[in-house]
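Undergrad: return atomic coordinates for the entry below.
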Amino acid sequence: MPPRISLLDDVTISRIAAGEVVERPASVVKELVENSVDADAGDVRVEIQDGGARLIRVADDGHGIPPDEVRLALERHATSKIATAADLVEVASLGFRGEALASIAAVSIVTLESRAAHHDSGTRLRVENGRAGECTSIGMGAGTTVTVEHLFEALPARRAFLRRAATEAGHVHEVVARYALAYPERRFKLVRDGRTTLEAPGSGSLADAVLSVLGLEPARQMIPIEHAQGDIEVGGYVSPPHLHRATRKDIALFVNGRWVQDRQLSFAVTQAYHTLLPKGRFPIAIVQIRMPPALVDVNVHPAKTEVRFRDGRPVFAAVQRAVRAAASGQAPVPSVGPQHQSGTAGADRWTGGPGGTWGGAPQSRFAERLAAAQGTAEGQATFTPAVVSGLPPLRVLGQIARCYIAAEGPDGLYLIDQHAAHERVMYEELMARGDDVASQRLLEPVAVELSASQMAVVEEHRATFAALGFDTEPFGADTVLVRSLPDVLLGGDVAESLRTIADLTAVGEAPIADAVEERLVRAVCKQATVKAGQALSAQEMRELVRRLESTSSPRTCPHGRPTVIALSLADLEREFGRI
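TA: Here you go, the predicted model:
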């Protein structure tokens, strides 16, 4: 006989539902922190033990829960965030499903303690793996404390999937850090096994939150972003091209104060650094997006980590333009000295989250910390990330090892990679050429034998090659006749140039990088530019530097490598013992 269909008991149903919400300790912390934020807490303290498997405690000073609603708060589909299905259209809170506390309580031991501000005492309720005890009256300050113990202990199979305590603690740290960035006007503190590992001051300054999360050296180099496009506003901070990471994990995205993980938004950020970063490297970014709630659906994922836009195109465009403008136009030249230059003042204008404001952000409360780190007088320094546009006027001094041009700037010594610099110059000149292509017809056509993949590239994109000055035609199954070349390639090996350019043009991963014409231009630049080991006259060096200064992104080559590094006067004086 086949098994009969029957209803599951409530405990089993709750534990199944918990699987959608509670994946690991960090999932619990996320849900509880979001509840604290929705409760208008100004102070949120998170404590974990054993990576959160043994204990998670989130305490806040929010508006609290009245005694007659404490038990209801731990029931499934119970929430104060929405009342009807119509409310889902414009969700303004972080939590709204009414499943979080019930799901957590189904797979752990939960103690809920809460006191509403207008009540004289608080209420405690303990729930052990879905089975609730009795409510008791307790003395406590206004707010809510939720303690979660022995996560998944009643579900050994689920607990076995948890990683080492350090790994789980790292995930928890990421969650708290993200909400510290989303809500800089609120204090956040994370305590791991009795040791404070993160503390954001709640000053209202996003710069202070960035400093708390990233640390002094990366934070002081971050560049503010600001862009408005219709109903969409983008703010935050991004790293200069010379500051990058091996993974995307330091790209933090927020939509109306909600931390989201969105591939397309992340892609918009990374593509804004196209030609500015080395291949396989990623920026640091804190990107805050504000838009009318009706234009974004936050009800598409059980853990509320994904969103769906009514029309994503203007959102992605706004993000990309904001980040690109900062990355290409305001990034400082990387310093090779003991300390990076802090740059000149860029206004800290975005304070993050729905409660954040544009302009007039509170002065950094970490001024004394930065002042001490910089060796300046107390109170004279405030944390303002670097904002530097273009290159300063440079005076060429000479050539080093036939690879680098040494130049003097107003603030120190600059070293320029001649090959990378020439690539950047040629790339921008060729991309801006329009239909005016300088091409040279060869006296005799050159037969070039190609591999199957090279032949496919040349054949498929023959019109694009022709637009850049290549005149080719098939000459058998695996050979083409080259009748003309871009004049920048004259004098080289025609066959080797075409093969190399075909190989480089075939490489591309993303829509912007996949623009064949742009890849072809980069390939031509790489093949045609001056090489390392090539001697340059003083006039040639001055002309190259002049052309580099006039480009829009002089600090990196089209492939993302740096073109220039700097050694400041302060660094020189320090090394010579003058300061």
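Undergrad: endpoint to endpoint, stretch 567-579 covers what distance?
TA: For stretch 567-579, the first-to-last residue distance is 15 Å (CA to CA, to the nearest Å).
Undergrad: where do the domain boundaries of the protein fall?
TA: According to automatic domain parsing, the chain comprises the domains 10-193, 206-374, 395-564.
Undergrad: which residues in the stretch 1-150 of the chain form helices?
TA: Ranges of helices within the stretch 1-150 of the chain are 10-21, 25-38, 70-73, 100-106, based on DSSP state H, counting those that start in this stretch.
Undergrad: typed the wrong thing, it's the stretch 401-550 of the chain
TA: Under the criterion DSSP H, counting those that start in this stretch, the stretch 401-550 of the chain contains helices at 418-431, 452-460, 462-467, 494-505, 516-528, 538-549.
Undergrad: any idea which of the helices of the stretch 1-150 of the chain scores lowest on pLDDT?
TA: Of all these, the minimum mean pLDDT falls on helix 10-21 (a mean of 58).
Undergrad: closest one to Asp571 among the domains of the chain?
TA: domain 206-374 (3.0 Å; CB to CB). Backbone N, C-alpha and C define where each C-beta goes, glycine included.
Undergrad: for the stretch 51-200 of the chain, give me the ranges with low pLDDT.
TA: 76-99 (pLDDT under 70).
Undergrad: try 50
TA: Within the stretch 51-200 of the chain, the segments meeting pLDDT under 50 span 81-92, 96-98.
Undergrad: just checking, Val70 touches Leu125?
TA: Yes. In this structure, Val70 is within contact of Leu125 by CB atoms under 8 Å, at 5.2 Å.
Undergrad: joint contacts of those two?
TA: Both Val70 and Leu125 are contacted by 112, 135, under the criterion CB atoms under 8 Å, 6 or more residues apart in numbering.
Undergrad: what distance do you get for Ala322 to Leu162?
TA: 38 Å (CB to CB, to the nearest Å).
Undergrad: comparing the two, which residue is more hemmed in?
TA: Each of Ala322 and Leu162 has its neighbours counted (other CB atoms under 10 Å); Ala322 has more, 27 against 18.
Undergrad: that one sits in which helix or strand?
TA: Using DSSP states H and E, Ala322 sits in helix 312-329.
Undergrad: stretch 203-220: end-to-end distance?
TA: 17 Å.
Undergrad: so which bits of it are buried?
TA: 203-214, 218-220 (16 or more other CB atoms under 10 Å).
Undergrad: of those residues, which is the nearest to Ser27?
TA: Checking these one by one against Ser27 (CB to CB), the nearest turns out to be Val213, at 20.1 Å.
Undergrad: I'd say that closest one and Ala177 touch.
TA: Yes. Here Val213 reaches Ala177: they are 4.6 Å apart, a contact under CB under 8 Å.
Undergrad: which residues are common contacts for those two?
TA: Leu198.
Undergrad: quick check: Arg310 touching Val296?
TA: Yes. Here Arg310 reaches Val296: they are 7.1 Å apart, a contact under CB under 8 Å.
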